[in-house]
Each structure stands twice: as structure tokens, then as C-alpha cells.
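1. my questions are about this predicted structure, shown below with the sequence.
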Amino acid sequence: MRYLTIALTKGRLASQTMELLEQIGISCEEMKDKSSRKLIFTNEQYGIRFFLAKGPDVPTYVEYGTADIGIVGKDTIMEENRKIFEVLDLGFGKCRMCVCGPASAAEYLKHNQLIRVATKYPKIAHDHFYNRRNQTVELIKLNGSIELAPIVGLSEVIVDIVETGSTLYENGLSVLEEICPLSARVVVNPVSMRMDNARITQLINAMRERIR
């Protein structure tokens with residue numbers, strides 16, 4: 001039997017996914033060893049391999065078939081736009097993708113003015129402003145603290161993930177528009193879905209039943 005390979009997003013999503021899998025009887029003791037330098041972890045009983053990857057890389061591993069299944073945030077799926085099947089909303093890692101800025105920036109949105117938008121998510125931002133709002137904007141890609149951009153005058157607004165909104169509030173910013181809700185999702189390689197349909201479907205159904 002060939003291994004079913006699962007790519008997990010490093011950090012909290014990986015921990016929450018492993019907790020869920022343990023609840024349906026699939027554990028991986030190797031992964032609990034915090035001192036381990038291993039990159040691939042195996043559950044021989046179920047023929048499952050796990051590896052940890054950075055969020056933006058998970059859809060890539062799944063698209064190319066290096067992983068049959070991936071666990072990743074909806075934001076990453078939207079931004080990476082890979083040829084993969086999104087099959088299950090796991091319901092954890094909940095947050096929102098929003099347009100944020102100082103209260104004064106609401107006027108720019110109301111009148112569809114040409115503004116600068118700073119973001120880690122240029123594809124999502126482009127789709128929102130150009131395709132949904134029909135508003136021309138200048139997109140500025142940043143990697144660090146996006147909240148800084150409107151404070152120092154680099155942009156009028158930002159497009160970013162909002163969990164509690166406390167960081168925005170502390171910096172005099174607020175949510176001006178919600179783009180979409182986000183959470184952790186299960187994605188599957190289309191070829192794997194055909195070739196190993198029974199095992200993948202069984203696993204996904206077990207996860208679905210558990211989160212119900």
C-alpha cells in the first residue's frame with residue numbers, strides 16, 4: 001500500500017489538525033517530539049506520511065502531487081490559485097480578510113478614488129478592487145507589519161487578515177470592508193482524488209463527521 005501524504009501548515013493549524021486526526025484515531029507520535037529535526041513523519045499503521053510546510057507552499061505541494069492532501073488557510077488558497085480541489089472547511093483558524101484603514105479612508109472607498117493599497121495578498125486585493133468594486137488602485141506588496149503602511153503614509157488602506165481587530169484599534173485603524181471569512185481548509189490533488197478515492201474520501205468523511 002502506498003503512503004497517503006499530508007502537507008500541514010506549520011504552527012497552530014498543524015497542531016489543531018493533528019488534534020482532530022487523533023480524535024478519529026490517527027495519531028503520529030513522532031510529531032510530538034519537539035526536539036526532532038525530522039522533516040517527514042510516518043504513521044505506519046494507516047500508511048500516512050505527514051510533513052510540515054509554510055502556508056503558501058502547501059497548495060504547491062498538493063498541485064504537483066508531492067502531497068495528496070493539504071491543510072491550509074482559505075487566504076492562501078485564494079492567493080496561490082493552484083489547480084487543487086478544496087473539499088472541507090475545518091472550521092478552525094477562523095478570521096476575516098478585510099480592507100482596513102483610518103476612518104477618513106472610508107471616503108476614498110465610497111467614491112472609488114484612485115488609492116494605494118498595501119497588502120501581503122496582492123491577488124486577493126486585486127480581485128476585490130478591480131473585479132468586485134470596479135475601483136482602480138495601486139497595489140503595494142509588503143511582507144511585514146501591514147498596519148504600518150497607512151500610519152506612515154505609504155498607503156491609504158491595507159488588505160489584511162483580521163482576527164480580533166485589537167492591533168488595528170491600537171494603531172487608530174479599523175475594518176472598513178470585509179472581503180470574505182477565512183478558516184482552515186482541506187485541499188486534495190485532483191489525480192490523487194481519482195487514484196486513491198476510497199482512502200481519501202474515507203478520511204475526509206471521518207473528519208467531517210468529527211467536526212459536526
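-> Good, I have the coordinates.
2. residues in contact with the helix ranked longest in the chain?
-> The helix spanning the most residues in the chain, taking DSSP state H as the definition, is helix 197-211. When contacts are defined by Cβ atoms under 8 Å, 6 or more residues apart in numbering, helix 197-211 is touched by residues 4, 20-21, 23-24, 26, 68-69, 87-88, 90-91, 186, 188, 192-193. Any C-beta I mention is one placed from the backbone N, CA and C, and that applies to glycine too.
3. what's around Glu44, how many residues?
-> Taking other Cβ atoms under 10 Å as the criterion, the count of residues near Glu44 is 8.
4. isn't Tyr61 right up against Thr9?
-> No: between Tyr61 and Thr9 there is no contact, the gap being 10.7 Å when judged by Cβ atoms under 8 Å.
5. mutual contacts of those two, please.
-> Each of 53, 70 lies in contact with both Tyr61 and Thr9 under the rule Cβ under 8 Å, 6+ apart.
6. can you give me the strands in this structure?
-> 4-9, 40-43, 48-53, 69-73, 85-89, 95-101, 115-119, 137-141, 157-162, 174-182, 184-188 (DSSP state E).
7. within the sheet, what are the partner strands of the last one, with directions?
-> When pairing is defined by DSSP bridges, strand 184-188 lines up against strand 69-73 (antiparallel), strand 85-89 (antiparallel).
8. and the first one, by the same measure?
-> Note on strand 4-9: by DSSP bridges, its sheet partners are strand 48-53 (parallel), strand 69-73 (parallel).
9. got the domain ranges for this structure?
-> Structural domains assigned to the chain are 4-93+183-211, 95-181, following automatic domain parsing.
10. with respect to Gly101, which of the strands paired with strand 184-188 lies nearest?
-> Proximity to Gly101 (Cβ to Cβ) singles out strand 69-73 among those, at 22.8 Å.
11. I'd like the average pLDDT over the closest one.
-> If you average the pLDDT over strand 69-73, you get 98.
12. could I get it in PDB with only the CA atoms?
-> Extracted as PDB, the C-alpha positions of strand 69-73 are listed here (Å, rounded to 0.1, in the frame of the first residue of the first chain):
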ATOM      1  CA  ILE A  69      -3.800  16.200   0.800                       C
ATOM      2  CA  GLY A  70      -3.000  19.600   2.300                       C
ATOM      3  CA  ILE A  71      -4.300  21.600   5.300                       C
ATOM      4  CA  VAL A  72      -4.100  25.300   4.700                       C
ATOM      5  CA  GLY A  73      -5.900  28.600   5.300                       C
END
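13. ok, Glu63 - how many residues close by?
-> Other residues lying near Glu63 total 18 when counted by other Cβ under 10 Å.
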